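Asker: Make a model of this:
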Amino acid sequence: MVAAHITVNGKVTPISPAAPHTTALDFLRERGLTGSKEGCAEGECGACSILVARPGVDKPTDWVAVNACLAPVAALDGQEIVTSEGLATPGAPGTAPTLHPVQEEMAVRGGSQCGYCTPGFVCSMAAEYYRPGRCAHADETEGSEAQVGGDSEHGPNGFDLHALSGNLCRCTGYRPIRDAAFAVGAPAEGDPLAQRREQSAPDAAVTEYAQDDSVFLRPGTLSGVLEVLRERPEAVVVAGSTDWGVEVNIRSRRAECVVAVDRLPELRELREESDHVEIGAALTLTEIERRLDGRVPLLAELFPQFASRLIRNSATLGGNLGTGSPIGDSPPVLLALEASLVLAGADGEREVPLADYFTGYRQSVRRPGELIRAVRIPLPLAPVTAFHKIAKRRFDDISSVAVAFALEIEDGVVAKARIGLGGVAATPIRALATEAALEGKPWSTDTVEAAAQVLQAQGTPMNDHRASAGYRSAMLGQSLLKLYAQTTEAVSS
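Answerer: The predicted structure is shown next:
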């Protein structure tokens, strides 16, 4: 087996002697690449972001921005990364390097003040700069007004400002950063990172990296993972590590054995069949979003509200469901979609309705040694859907309450209602009583107001630092009233 290594800014770098729990951020900084900073150690500030070459959606390779503070360095074995230092083109001896176009725009448009967050912004901006198809949506209009006019979240150059979500600036102000993002053009002919997209991304390395009585494993097959879990049931399973990375950094958690499943081919399929859509549990949310391209509208509404682009570039549905958190954003949506989970174990597979999956706080019917292999969403989809996330910030925040609706309304009557709730009980739940209060009734003000009272009493909300129990209950009722106000005109037409 080849010794664990990473290609960093074009240079092959051995991982040893780093401990298996060492983050990519600490690994890089210990080797003098101090552009990446530690701000929050939770994946919320973006100061640590780097670029990783991953299998692409529209090209063989995508340059993807990820939080280096969350990724175990061993998870990058065999992979290829670029830091903020690697974006510039080195100059001749004794001369300064040539800045990358995103670095140049940040400099000339005043996008950097103290500079602490700047390398992270630059890496996230570079990922969007190289996104295939970005320039296909560019506005040909030139001039300063084009840079700030029209859609405030999308530039005339096709730049999606949400690509910078998860990057926090405390002193410069976001206007000049946005100006820099909206000013970059298309990659130049011969740009090496643009050319790199035309070649396949590195294959996932089969990894067995051991140091200091702990080991990081990446078997090459699902059967290999299941065998490890049979022998070592205490092993921690990670995909994007957006949850486990926080445990390592903030709570100093350590594991004797970590098993990575993020690149297992069996967990990375997305299939659209005649009666269902099957989504591999290890596909990142960004990959799912771009591959589905809006064909499951309720998921399309969820994705922009799920954490940040940096997190969505690593987080998976399998991870969000596997943690069993009652405030995860995907369970309410998947409950409303009547999704089921395909659980794989050493003795075979079984399919479990998501409504029957959660059994208690962070507990489920998943047996020791089982993995979530895929999520299945039945077809056809309900035509009236909505996802309402109540949080203190519009984006990049944890829900106080999350509500997902999927309704079938025929001739003005609710033929079927499915409502998923998060943040109001020890587990994500279906609002069964509210569904019953709607089904068979006219989609009218009287019906909705009565059902809103029922919805307000669903669950067992608690008081905590995010919201009071009373507020959570009130938001449940208001959410149904909001849905009615939003959809009445569309349904009646």
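Asker: after the lowest-mean-pLDDT helix or strand in the chain comes which helix or strand?
Answerer: Within the chain, confidence by mean pLDDT, DSSP states H and E is lowest for helix 144-148 among all helices and strands, at a mean of 39. The helix or strand immediately downstream of helix 144-148 is helix 174-181, counting by DSSP states H and E.
Asker: average pLDDT across stretch 181-201?
Answerer: The predicted model gives stretch 181-201 an average pLDDT of 96.
Asker: May I see the buried residues of that stretch?
Answerer: Using 16 or more other Cβ atoms under 10 Å as the test for burial, stretch 181-201 gives A181, F182, A183, V184, P187, D191, L193, A194, R196, R197, A201. (C-beta placed from N, C-alpha, C; glycine too.)
Asker: same question, stretch 213-226
Answerer: For stretch 213-226, a neighbour-count test (16+ other Cβ under 10 Å) marks S214, V215, F216, L217, R218, P219, L222, V225, L226 as buried.
Asker: Stretch 241-252 too?
Answerer: So stretch 241-252, judged by 16+ other Cβ under 10 Å, has buried residues S241, T242, D243, W244, G245, V246, V248, N249.
Asker: my guess is N249 contacts E44, does it?
Answerer: No. Taking contact to mean Cβ atoms under 8 Å, the distance of 11.4 Å between N249 and E44 leaves them out of contact.
Asker: Nearest residue to the residue nearest the centre of the chain in space, please, no chain neighbours.
Answerer: Among the residues of the chain, the smallest C-alpha distance to the mean C-alpha position (Cα atoms, centre = their mean) belongs to R312, namely 1.7 Å. Leaving out its chain neighbours, the residue that sits closest to R312 by Cβ to Cβ, 6 or more residues apart in numbering is L285, at 4.0 Å.
Asker: contacting residues around that neighbour?
Answerer: Contacts were defined as Cβ atoms under 8 Å, 6 or more residues apart in numbering; by that measure L285 touches F303, F306, I311, R312, N313, A315, T316, L317.
Asker: make it 6 Å
Answerer: When contacts are counted by Cβ atoms under 6 Å, 6 or more residues apart in numbering, L285 touches F303, R312, A315.
Asker: Report the separation between it and P428.
Answerer: Computed as Cβ to Cβ, to the nearest Å, the L285 to P428 distance reads 17 Å.
Asker: ok, now E30?
Answerer: Counting by Cβ to Cβ - E30 and P428 are separated by 40 Å.
Asker: Assess the claim that R197 and P55 are in contact.
Answerer: No. Counting by Cβ atoms under 6 Å, R197 sits too far from P55 to count as a contact (11.1 Å).
Asker: Count the neighbours of A485 for me.
Answerer: 11 (other Cβ atoms under 10 Å).
Asker: can you pull the buried residues of the stretch of helix or strand it belongs to?
Answerer: Per DSSP H and E: A485 is located in helix 469-492. Applying a neighbour-count criterion of 16+ other Cβ under 10 Å, the buried positions in helix 469-492 are 472-480, 482-484, 487.
Asker: At which residues are the strands of the stretch 151-300 of the chain located?
Answerer: In the stretch 151-300 of the chain, the strands defined using DSSP state E, counting those that start in this stretch lie at 207-211, 214-218, 236-238, 257-260, 270-272, 276-280.
Asker: Output those strands in TSV; the columns should cover mean pLDDT.
Answerer: Written out in TSV, the entries for the strands of the stretch 151-300 of the chain read as follows (pLDDT from 0 to 100):
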stretch	mean pLDDT
strand 207-211	96
strand 214-218	97
strand 236-238	97
strand 257-260	98
strand 270-272	97
strand 276-280	98
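Asker: Put together TSV for the buried residues of stretch 241-252, with pLDDT on each row.
Answerer: Below are the buried residues of stretch 241-252 laid out as TSV (pLDDT from 0 to 100):
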residue	pLDDT
S241	97
T242	97
D243	96
W244	97
G245	97
V246	97
V248	97
N249	97
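Asker: Of those residues, which is the nearest to E38?
Answerer: Nearest to E38 out of the buried residues of stretch 241-252 is N249 (Cβ to Cβ; 8.6 Å).
Asker: and the closest one, what does it touch?
Answerer: Counting by Cβ under 6 Å, 6+ apart, N249 touches A41.
Asker: Other residues contacting stretch 39-57?
Answerer: Outside stretch 39-57, the residues that touch it by Cβ under 6 Å, 6+ apart are 25, 36-37, 61-70, 80-83, 117, 120, 123-124, 127, 166-168, 201, 242, 246, 249, 290, 310-311.
Asker: ok, C171 to A181 distance?
Answerer: C171 sits at a distance of 18 Å from A181 (criterion: Cβ to Cβ).
Asker: cool, K441 as well?
Answerer: Distance, K441 to A181, by Cβ to Cβ: 48 Å.
Asker: got it, and R218?
Answerer: Taking Cβ to Cβ as the measure, R218 falls 35 Å from A181.
Asker: One more: V12?
Answerer: 32 Å.
Asker: Let me know the secondary structure of A452.
Answerer: Each residue gets one of three states, and A452 gets helix by DSSP: H, G, I helix; E, B strand; the rest coil.
Asker: Next one: it from D213, what distance?
Answerer: For A452 relative to D213 (Cβ to Cβ), the value is 56 Å.
Asker: now do V261
Answerer: Taking Cβ to Cβ as the measure, V261 and D213 are separated by 23 Å.
Asker: and what of A88?
Answerer: When distance is defined by Cβ to Cβ, A88 is 40 Å away from D213.
Asker: if we can go back for a sec, among the contacts of L285, name the ones in strands.
Answerer: Within these, membership in strands is found for no residue, as judged by DSSP state E.
Asker: would JSON lines of those with distance to A19 and pLDDT be doable?
Answerer: Supplementary listing: the contacts of L285 in JSON lines, determined by distance: Cβ to Cβ, whole Å; pLDDT from 0 to 100:
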{"residue": "F303", "distance to A19": "34", "pLDDT": "96"}
{"residue": "R312", "distance to A19": "28", "pLDDT": "97"}
{"residue": "A315", "distance to A19": "24", "pLDDT": "97"}
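Asker: ok, those residues vs A382, which is closest?
Answerer: Nearest to A382 among the contacts of L285 is F303, at 18.2 Å by Cβ to Cβ.
Asker: tally of neighbours for the residue lying closest to V236 once chain neighbours are set aside?
Answerer: Nearest in space to V236, with sequence neighbours left out and distances taken as Cβ to Cβ, 6+ apart, is A255 at 4.3 Å. Other residues near A255 come to 18 when the count uses other Cβ under 10 Å.
Asker: A255 and E234 touch, don't they?
Answerer: No. Taking Cβ under 6 Å as the contact criterion, A255 and E234 are not neighbours in contact, 7.9 Å apart.
Asker: re earlier: export the buried residues of stretch 181-201 as JSON lines, with columns for distance to A96.
Answerer: What follows is these, written out as JSON lines (distance: Cβ to Cβ, whole Å):
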{"residue": "A181", "distance to A96": "24"}
{"residue": "F182", "distance to A96": "26"}
{"residue": "A183", "distance to A96": "22"}
{"residue": "V184", "distance to A96": "20"}
{"residue": "P187", "distance to A96": "21"}
{"residue": "D191", "distance to A96": "19"}
{"residue": "L193", "distance to A96": "20"}
{"residue": "A194", "distance to A96": "23"}
{"residue": "R196", "distance to A96": "24"}
{"residue": "R197", "distance to A96": "27"}
{"residue": "A201", "distance to A96": "31"}
